[in-house]
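Chemist: The following block contains a protein sequence and its predicted model.
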Amino acid sequence: MFKVSVHKVTRSDEQPTEGVWYQDAKGRYYTYPDDWTDSFYGVRDALSNLLTYGSNGNQVTAKDRAAAKASYAALQQEIMTDYADMKAAVAAADTLEAKQAAATNASNAMSQKVYNTTLKMYNKLQAKTAARAWVSSLLH
């Protein structure tokens, strides 16, 4: 997943009627391609824009941003532990091929962990903003 190159985000001056989109500070609309969750870049970009601009017209809260920051801080600590384990595995490997395999396998696992965590954070935050918008629509 983290190595996949997906289609480009589409920019428009008109509000999209479908898909996952956000509006930037200049009022332009950006819609993600259908395959955006297939790449780390797409997922990371979507989370960043969701935290910055909201999604489909729904905004996130300062509490949401703080929770995302805390989640990434915890993930960073996990990755640092994984990195230390990788260094030890590489040092303990007997051959160049074994060292390369240990480094590659650990690197792929760390990348996958970041991708999975980012996608999970995005989906959770997207669901929260949609639920807030739904409740707000009932109240107005």
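Modeler: Cool, got the structure. Only a predicted model underlies this, so the values are computations on that prediction, with no experimental measurement involved.

Chemist: residue ranges with poor pLDDT in the protein?
Modeler: Filtered on pLDDT under 70, the chain yields the residue ranges 1-6, 55-58, 133, 136, 140.

Chemist: remind me, longest helix of the protein?
Modeler: Criterion DSSP state H: the longest helix present in the chain is helix 96-139.

Chemist: If you count contacts, what does that helix end up packed against?
Modeler: helix 40-53, helix 62-92 (3 or more CB pairs under 8 Å, 6 or more residues apart in numbering; DSSP states H and E). For glycine as for every other residue, the C-beta is placed from the backbone atoms N, C-alpha and C.

Chemist: who's in contact with the residue nearest to Ser71 when sequence neighbours are not counted?
Modeler: Spatial nearest neighbour of Ser71, excluding adjacent residues (CB to CB, 6 or more residues apart in numbering): Met121 at 5.8 Å. Contacts for Met121 were tallied using CB atoms under 8 Å, 6 or more residues apart in numbering; they are 47, 68, 71.
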